[in-house]
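S.K.: Have a look at this prediction, sequence included:
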Amino acid sequence: MGYSNISAPITVVLMIVIAAVATTKVAEGQDPRSCVSKLIPCVSYLNSTSPPAECCDPLREAVSKDRECMCKLFENPGFLGAFGVNSTQGIKLLGHCGIPDFIRKCKELGLLSMPSSSRETPKAHELSSIPRNSVDRGDKEDAGIGKQWVEVISQEPRAIIYHNFLSKEECESLINISTPLVQPSTIIQLPSRRKIKDTIFRTGSITFLTRGHDKTVSEIEKRIADITSIPAENGEGLQILHYEAGQKFSPHHDYYIDEYNRRNGGQRIATVIMYLSDVEEGGETVFPEAKGNISAIPCWNQMFRGQRGLVVKPKRGDALLLWSTKPDGTLDFSTLHGSCPVIRGNKWSSTKWMRVHEYKE
């Protein structure tokens, strides 16, 4: 499709990042990151019904002295996910530490708002309002692919949209392959690393297609290698996601801070999100930590309470390239992203994670 002509070689030097990095240079009591550190002593006791004082005391202190911060922490589960903790585990842990009904109390105090099924017409600063730094690929429409062009939508995080990256036929092929295979999404429970269903952090259905699953998948993988300058063998298998009305994926990071998940292929350095369908309403990809744009769509206001950030509306065939690392190789916290609940219709998407080394399936 010619995207290799616009890619540029990159040099990535990975650095080890400790958990404390995420909590530096943040106003105490105002940002969820300032409370994440309180959970660090508890990671080893996520499955314990009697956590020790070294775990519970910091949590009790945080809830007592800075309830707003703690409530916001659970409103933006991506901050928890960066430390290997999901919302369900966190809520149970608070209960075991003698802090029951925490979420209910947050709501009663107006400190926690959850996404609803609002059907307002989105008023977002749409992509058309963002200055376009694009490369026009011409009007040629071969193999059912529309006009191709590239749009740099953000520098923090580094995010680029490849418009009409996939053809209509390729989108339909991936959906048809995956429809009989998708299963309810799961998350990894620590420290057992057992897969469990979660109805709070991540909903919807999911399946994976191995590298080179068929000709269509192989061609897409080669195209991704072209635009990222990362060898195809460094990529994980295609993840296919299906969201129905009300289903979502709370904000999270794709990179890992633990050594276990970096053993095979090293760090995840790039994510390519491909939209396989249009969505009647909802289903936007949101970046709450992005700089330079403000959105006013209902999902944004309810999930992030008016913070600055970026919204990408799903469009069939488009691909969003997101770099998890900065140019110097350090992890980019601004890559926090999630998927708003679908309000009307269905959302199909495919995610490809690229590693710094070969990934062995």
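M.R.: Received it, and whenever you're ready, just let me know what you need. Numbering: from 1, shown residues only.

S.K.: The helix or strand where Cys106 lies: which residues count as buried?
M.R.: Using DSSP states H and E, Cys106 sits in helix 102-108. For helix 102-108, a neighbour-count test (16 or more other Cβ atoms under 10 Å) marks Phe102, Ile103, Cys106 as buried. Every C-beta, even on glycine, is put in place using the N, C-alpha and C of the backbone.

S.K.: got it, and stretch 322-329?
M.R.: In stretch 322-329, counting by 16+ other Cβ under 10 Å, buried: Leu322, Trp323, Ser324, Thr325, Lys326.

S.K.: The fourth one contacts Ile269, doesn't it?
M.R.: Yes. Thr325 is in contact with Ile269 according to Cβ atoms under 8 Å; the separation is 5.0 Å.

S.K.: Which residues outside the host helix or strand of Pro58 are in contact with it?
M.R.: Pro58 is part of helix 53-65, with elements assigned from DSSP H and E. Here helix 53-65 makes contact (Cβ atoms under 8 Å, 6 or more residues apart in numbering) with 35, 38-39, 41-42, 45, 69-70, 93-94, 96-99, 102.

S.K.: pLDDT at Glu54, what is it?
M.R.: On pLDDT, Glu54 comes in at 86.

S.K.: Count the residues that sit near it.
M.R.: Using other Cβ atoms under 10 Å, Glu54 has 11 neighbouring residues.

S.K.: now it: how far from Gly98?
M.R.: In this view, Glu54 and Gly98 are 15 Å apart by Cβ to Cβ, to the nearest Å.

S.K.: now Lys215
M.R.: The gap separating Lys215 from Gly98 is 58 Å, by Cβ to Cβ.

S.K.: just Glu281 next, same as before
M.R.: Taking Cβ to Cβ, one finds Glu281 at 42 Å from Gly98.

S.K.: for Glu236, same thing?
M.R.: 41 Å.

S.K.: Looking at those two, which one has more neighbours?
M.R.: Glu236 (18 against 11).

S.K.: The more buried one contacts Tyr359, correct?
M.R.: Yes. Counting by Cβ under 8 Å, Glu236 touches Tyr359, with 5.4 Å between them.

S.K.: show me where pLDDT drops low in this structure?
M.R.: Within the chain, the segments meeting pLDDT under 70 span 1-34, 36-37, 40, 75-87, 110-145, 188-193, 196, 198-199, 292-308.

S.K.: For it, which segments count as helices?
M.R.: 33-36, 53-65, 67-75, 78-81, 87-96, 102-108, 168-178, 215-228, 298-304 (DSSP state H).

S.K.: CSV for those helices, including distance to Ser350?
M.R.: Listed next are the helices of the chain as CSV, based on distance: least, Cβ to Cβ, whole Å:
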stretch, distance to Ser350
helix 33-36, 30
helix 53-65, 38
helix 67-75, 28
helix 78-81, 21
helix 87-96, 25
helix 102-108, 33
helix 168-178, 6
helix 215-228, 8
helix 298-304, 21
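
S.K.: so which of those comes closest to Glu244?
M.R.: Taking Cβ to Cβ, helix 168-178 is the member of these nearest to Glu244, at 13.6 Å.

S.K.: neighbouring contacts of that closest one?
M.R.: So helix 168-178 is contacted by 143-144, 207, 209, 213-214, 216-217, 219-220, 238, 240, 242, 276-277, 316-317, 348, 350 (Cβ under 8 Å, 6+ apart).

S.K.: Narrow those residues to those in strands?
M.R.: Thr207, Leu209, Leu238, Ile240, His242, Trp348, Ser350 (DSSP state E).

S.K.: Just the buried residues of those residues.
M.R.: Buried, going by 16+ other Cβ under 10 Å: Thr207, Leu209, Leu238, Ile240, His242, Trp348, Ser350, out of the ones in strands among the contacts of helix 168-178.

S.K.: which strand residues sit across from the closest residue to the fifth one other than its chain neighbours in the sheet?
M.R.: So the one you mean is His242. Excluding the flanking residues, the one nearest His242 by Cβ to Cβ, 6 or more residues apart in numbering is Ser205, at 4.5 Å. Judged by DSSP bridges, the bridge partners of Ser205 are Pro184, His242.

S.K.: Ser205 reaches Leu181, doesn't it?
M.R.: No. The criterion here is Cβ under 8 Å, and Ser205 misses it with Leu181 at 9.2 Å.

S.K.: rewinding a little: nearest to Ser339, of the helices of the chain?
M.R.: Of these, nearest to Ser339 by Cβ to Cβ is helix 298-304, at 9.3 Å.

S.K.: follow-up on the earlier one: tell me the residues that contact both of Glu236 and Tyr359, please.
M.R.: In contact with both Glu236 and Tyr359: Gly265, using Cβ under 8 Å, 6+ apart.
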